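> Need coordinates for the below:
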Amino acid sequence: MILDGKCPTGPIETSWDRHRFESKLVNPANKRKFKVLVVGTGLAGGAAAATLGELGYNVEAFCYQDSARRAHSIAAQGGINAAKAYPNDGDSIYRLFYDTIKGGDFRAREADVWRLAQVSNNIIDQCVAQGVPFARDYAGYLDNRSFGGAQVSRTFYARGQTGQQLLIGAYQALSRQVKAKTVKLFERREMLDLVVVDGVAKGITCRNLVSGEIESYWGDAVVLATGGYVNVFYLSTNAMGCSVTAAWKAARKGAYMANPCYTQIHPTCIPQTGDHQSKLTLMSESLRNDGRCWVPKKKADCDKAPGDIPEGDRDYYLERKYPSFGNLAPRDIASRAAKEQCDDERGVGPGKRGVYLDYQTAIDRVGESTIRERYGNLFQMYEKITDENAYKQPMRIYPAPHYSMGGLWVDYNCMSNVPGLFVLGEANFSVHGANRLGASALMQGLADGYFVIPYTIGNYLATVKPGVVKDDHPAFKKSVEEVKAQIKKLLSINGKKTVSELHRELGKVMWENVGMARSDASLKKALKRIPQIRDEFWNNVKVTGNADETNQQLENAGRLADFLEFAEIMTKDALHREESCGGHFRTEHQTDDGEAMRDDENFTYVGAWEFKGVGKEPELHKEPLKFENVKLAVRSYK
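Residues are numbered from 1 along each chain as shown. I've put the predicted structure just below:
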């Protein structure tokens, strides 16, 4: 099937304005008749629920955490992009649009990216009005810093805790609507099924994570804002509760999974120290503004203290390889460059899987106090974890799984191929192509929640009659029975391996074969191993406790069951895409100097997969990508 993204035609500069004007409206009195379910309360979900409530819709919002404020958006550190051009350094909406298209290696929709760049400026105004404490310069104006993939300073930030501050802003807007009774908040609920009636999304089935009760909720539309899936690698920078479950349950009910092989490896993470770890720690990309990445030029120097290695014996490899962007090369390129140094046996630290991020030059230039102002909390976090003072010696960093560019397929209205199912933020595939630029995740989440879905969901709801299907429909009873049956099955296996053991096995297979570098042989190896782990899971997993109580083992088992199905389709997507682009690096497809080599003739499309069942071949649907405003070109940062 050739998919239609329903993108506006005509001049891209006016595309979003025209689309909004041409969209159908729901009048204020009728908005009160509609109920919208929002799953996820991070930046995308929290902003969407707050804004839809403010507009007058009845909203029910769900999160698996004990508070909407605990959404994983709080973990974003470095900043949020916007094209305000405050530093007067040549930025513009078009340049942000261009950088994002190029940064995604020409694998994103132009219309979606233009809209993102256009509304980015509104986001900053909205957040300032909410009281978000963005950094300011000496005169009191909003400050900016640079991020990877850009030669301008367009990133607004709040020290190293930008995501947390933005989420507090969205949370207070959400809390206002809870008080106004336009939003009902359901914490400690995990979505375990999408209820589809006659091909249309009409509700969800959840497990109450405190009581164990299985609950159904009906809605005239369902909005998924449930984040990404990189915990398929087991070790990642994501919170341990992050999973593919909500998106995968939608995929099992017919929603297409687009570009699942596009995963981002973040270059600036604290290296793994052993098998005891259950997650990895992100050090913000903003640190590469002032930090310089290097390794010893000679293998013999790798065991020396960094201060004992003379300047002339240091290889500042990003500055050497990418002089135009230097240490602010995009994440996929910087990650592969770090791996390249370690593969050359010039890595540092335990296990030799690390590179230095050195601040001495910046401290000599602007002083330690200035560096403390910019990154103090990040340096504190690094010292707590490593017991090393990064003001006195370089940080050690190494790439780690971080973000999903792929996700559920959506059209320009953020609606999936299942009518009534909308998908926002990291859970959809829409704007980042094959690689996300730093500080663009927060931008997308808030753009989708505050400024896109309020218009596009109205265009859909204006065509449906409210409250036609409620939770007394037979489809809800069937959904509850299916969820209970799976829970019963998980608890009855009574095997010998823990969920964590099996998840670690899957993660190792995915990282080694479907991680930073992929090949035909490694992907086929993974496709042979994944079903074996899945079979062992369903025959030998041990889930303790019971269903009628708080049971994290049961929660984790359900999430791993979904990862074991999703991992296969992710790997098949990587195998079918015979090119290298962004975070998808096939070793067979690289230039002589090791850069990614795209195949625009055969792969300039979105690959959207339709799940057909376990053990059955998924069906690939394609949405062709057209580039009319940015010319397809070799992506170079040299």
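> Find the nearest non-adjacent residue to Gly594, please.
Closest residue to Gly594 apart from its sequence neighbours, by C-beta to C-beta, 6 or more residues apart in numbering: Glu340 at 6.8 Å. From N, CA and C alone the C-beta is placed, and that goes for glycine too.
> Was I right to think that neighbour contacts Glu595?
No: if you go by C-beta atoms under 8 Å, Glu340 and Glu595 don't touch, sitting 11.1 Å apart.
> helix or strand for the residue nearest to Gly594, which one?
Per DSSP states H and E, Glu340 falls inside helix 331-343.
> That helix packs against which elements?
For helix 331-343, the helices and strands in contact under the criterion 3 or more C-beta pairs under 8 Å, 6 or more residues apart in numbering; DSSP states H and E are strand 263-269, strand 292-296, helix 317-321, strand 355-358, strand 395-404.
> one more time with 6 Å, if that's ok
The elements that helix 331-343 packs onto, with contact taken as 3 or more C-beta pairs under 6 Å, 6 or more residues apart in numbering; DSSP states H and E, are strand 263-269, helix 317-321.
> For that helix, give me every contacting residue.
If you take C-beta atoms under 6 Å, 6 or more residues apart in numbering as the criterion, helix 331-343 is touched by 148, 264-267, 295, 317-318, 353, 355, 399, 435, 516, 582-583.
> And the furthest pair within those?
With C-beta to C-beta as the measure, no two of the contacts of helix 331-343 lie farther apart than Val295 and Gly582, at 24.0 Å.
> got the buried residues for stretch 165-177?
Gln165, Leu166, Leu167, Ile168, Gly169, Ala170, Tyr171, Ala173, Leu174, Ser175, Gln177 (16 or more other C-beta atoms under 10 Å).
> For it, which outside residues touch it?
Stretch 165-177 is touched from outside by 43, 46-47, 49-50, 53, 68-69, 73-74, 127, 130, 132-133, 158, 183, 442, with contacts defined as C-beta under 6 Å, 6+ apart.
> is it true that Gly349 touches Arg396?
Yes: Gly349 sits in contact with Arg396 when judged by C-beta atoms under 6 Å, with a separation of 4.5 Å.
> Which residues are in contact with each of the two?
By C-beta under 6 Å, 6+ apart, Gly349 and Arg396 have these common neighbours: Pro271.
> circling back to that earlier point, most packed of the helices and strands packed on helix 331-343?
Neighbour counts averaged per stretch over the helices and strands packed on helix 331-343 are highest for strand 263-269, at a mean of 28; criterion: mean count of other C-beta atoms under 10 Å.
> got the angle for that strand vs strand 395-404?
For strand 263-269 against strand 395-404, the angle by axes from the mean of the first three to the mean of the last three C-alpha atoms, to 10 degrees is 160 degrees.
> Let's see the helix holding Glu340 as PDB, backbone CA atoms only.
Extracted in PDB, the C-alpha atoms of helix 331-343 (Å, rounded to 0.1, in the frame of the first residue of the first chain):
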ATOM      1  CA  ARG A 331      24.700  12.600  17.600                       C
ATOM      2  CA  ASP A 332      24.900   9.700  15.100                       C
ATOM      3  CA  ILE A 333      28.200  10.900  13.600                       C
ATOM      4  CA  ALA A 334      29.700  11.700  17.000                       C
ATOM      5  CA  SER A 335      28.700   8.300  18.400                       C
ATOM      6  CA  ARG A 336      30.200   6.400  15.500                       C
ATOM      7  CA  ALA A 337      33.400   8.500  15.800                       C
ATOM      8  CA  ALA A 338      33.800   7.600  19.500                       C
ATOM      9  CA  LYS A 339      33.200   3.900  18.700                       C
ATOM     10  CA  GLU A 340      35.800   4.100  15.900                       C
ATOM     11  CA  GLN A 341      38.500   5.400  18.400                       C
ATOM     12  CA  CYS A 342      37.700   2.600  20.800                       C
ATOM     13  CA  ASP A 343      37.700   0.000  18.100                       C
END
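> What's the mean pLDDT across that helix?
What helix 331-343 shows for mean pLDDT is 96.
> Likewise for stretch 353-367?
Taken as a whole, stretch 353-367 carries a mean pLDDT of 97.
> my guess is Pro419 meets Asp198, correct?
No: with contacts counted by C-beta under 6 Å, Pro419 stays clear of Asp198, the gap being 9.5 Å.
> Tell me which of the two has more neighbours.
The residue with more neighbours, out of Pro419 and Asp198 and counting by other C-beta atoms under 10 Å, is Pro419; that gives 16 against 8.
> Surely the more buried one is in a helix?
No: residue assignment for Pro419, taken from DSSP: H, G, I helix; E, B strand; the rest coil, gives coil, which places it outside any helix.
> Apart from its chain neighbours, what residue comes closest to it?
Distances taken as C-beta to C-beta, 6+ apart put Val200 closest to Pro419, at 4.8 Å, once the chain neighbours are dropped.
> Give me the pLDDT for that neighbour.
At Val200, the predicted lDDT confidence score is 98.
> and if you look at Arg188?
98.
> so how many other residues sit close to the residue nearest to it when sequence neighbours are not counted?
Spatial nearest neighbour of Arg188, chain neighbours left out: Leu209 (4.4 Å); criterion: C-beta to C-beta, 6+ apart. Taking other C-beta under 10 Å as the neighbour definition, Leu209 ends up with a count of 20.
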